[in-house]
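Trainee: Structure, please.
(one chain, ligands or ions: 2)
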Amino acid sequence: RKIAAFRALLGDARSAVAFSGAGISTGSGIPDFRSPGGLWTENRPIDFDAFVSSPDMRREAWRRKFTIDDATRGARPNAAHLAVARLVEQGRVAAVVTQNIDGLHAASGVPADRLIELHGNGTYATCLDCGLRHQLDDIRLAFEATGDPPACRGCNGMVKSATISFGQAMPVEAMERAYAAAEEADLFLVLGSSLVVYPAATLPVAAKRAGAQLVIANREPTDLDTYADLVLRGDLVELLRPYAGLA
Ligand code: OAD
Ligand code: ZN
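Mentor: Ligands and ions are numbered 1, 2, ... in the order given. Predicted coordinates:
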């Protein structure tokens, strides 16, 4: 059985990478992007060029950001996040590489030196000009008071959620850490990602080329399924609950 094969791979792992996408957080009530009802089945994403060149796009981006934040406030790590954290604690998973910006891997107890957030972090904002960090609550007050896209309190520059948009440069250090972990991995676990966003989706291939076993656990098929050693097509919370250490 596939579940037995999965258990055996995890049992042998010493330097696994858990590579997560939005599918690991749907069990916490946060919608993914590309499933029916996902965020981008309703709205096209606002890319980086549009954000910087149009005040209306910036307004729209902040409006969407606060709407989703309101809808997901209080989201807690689910059993899949807890299982990943526990596998890190047990020394089986050496690095958690996530495309998610929701902070739930950190909240589930994965230490910062094991966690690589490839697409940034949606829990604060930064100035695109001077890098100054801003609290979302402050940004929101200013936005709601004036209706104008928020400006930096330090340099009056453009402030953006600390996440990576399409067309925006990837964080160099995070990418380097992710490739290093992929190349040292004995097992590479894809957890809830459609694997269509690059460069993140090159990581499973890099890991397998370097000798890792590749497992893809996702509700829907992905383009890399035929390349994987094991494909598990179900709900991640169900799959990982036995490893979460819950009674
Ligand atoms: P997607 O929405 O593209 O894919 C999520 C995948 O998870 C889908 O294929 C679902 O079938 C699957 N899924 C959802 N819930 C699941 C569950 N409970 N159990 C198992 N599978 C489940 O999200 P990502 O692949 O993360 O980037 O998207 C990658 C990037 O696209 C995101 O990081 C985001 C977006 O652009 C940025 O914002 C920069
Ligand atoms: Zn600034």
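Trainee: Quick one: name whatever helix or strand follows the helix ranked longest in the chain.
Mentor: Longest helix of the chain, by residue count under DSSP state H: helix 55-72. For helix 55-72, the succeeding helix or strand toward the C-terminus, using DSSP states H and E, is helix 79-89.
Trainee: coming back round to it: mind listing what's buried in the longest helix of the chain?
Mentor: Neighbour-count burial for helix 55-72 flags M57, R58, E60, A61, W62, R64, K65 (criterion: 16 or more other C-beta atoms under 10 Å). Any C-beta I mention is one placed from the backbone N, CA and C, and that applies to glycine too.
Trainee: Can you dump the C-alpha atoms of it in PDB for me?
Mentor: Extracted in PDB, the C-alpha atoms of helix 55-72 (Å, rounded to 0.1, in the frame of the first residue of the first chain):
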ATOM      1  CA  PRO A  55      -2.200  53.800  -7.200                       C
ATOM      2  CA  ASP A  56      -5.500  52.200  -8.000                       C
ATOM      3  CA  MET A  57      -3.900  48.800  -8.100                       C
ATOM      4  CA  ARG A  58      -2.200  49.400  -4.800                       C
ATOM      5  CA  ARG A  59      -5.500  50.300  -3.300                       C
ATOM      6  CA  GLU A  60      -7.000  47.200  -4.700                       C
ATOM      7  CA  ALA A  61      -4.100  45.100  -3.500                       C
ATOM      8  CA  TRP A  62      -4.500  46.500   0.100                       C
ATOM      9  CA  ARG A  63      -8.300  46.000   0.000                       C
ATOM     10  CA  ARG A  64      -7.900  42.300  -1.000                       C
ATOM     11  CA  LYS A  65      -5.200  41.800   1.600                       C
ATOM     12  CA  PHE A  66      -7.300  43.200   4.400                       C
ATOM     13  CA  THR A  67     -10.400  41.200   3.200                       C
ATOM     14  CA  ILE A  68      -8.500  37.900   3.300                       C
ATOM     15  CA  ASP A  69      -6.800  38.800   6.600                       C
ATOM     16  CA  ASP A  70     -10.200  39.400   8.100                       C
ATOM     17  CA  ALA A  71     -11.600  36.200   6.800                       C
ATOM     18  CA  THR A  72      -8.600  34.100   8.100                       C
END
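Trainee: That one - what's its average pLDDT?
Mentor: Mean per-residue pLDDT for helix 55-72: 95.
Trainee: For it, give me every contacting residue.
Mentor: If you take C-beta atoms under 8 Å, 6 or more residues apart in numbering as the criterion, helix 55-72 is touched by 28-31, 39, 43, 46, 50-51, 102, 122, 136, 139-140, 143, 147-150, 158, 160-161.
Trainee: Tell me the one among the buried residues of helix 55-72 nearest to ligand 2.
Mentor: Nearest to ligand 2 out of the buried residues of helix 55-72 is R58 (C-beta to the ion; 14.7 Å).
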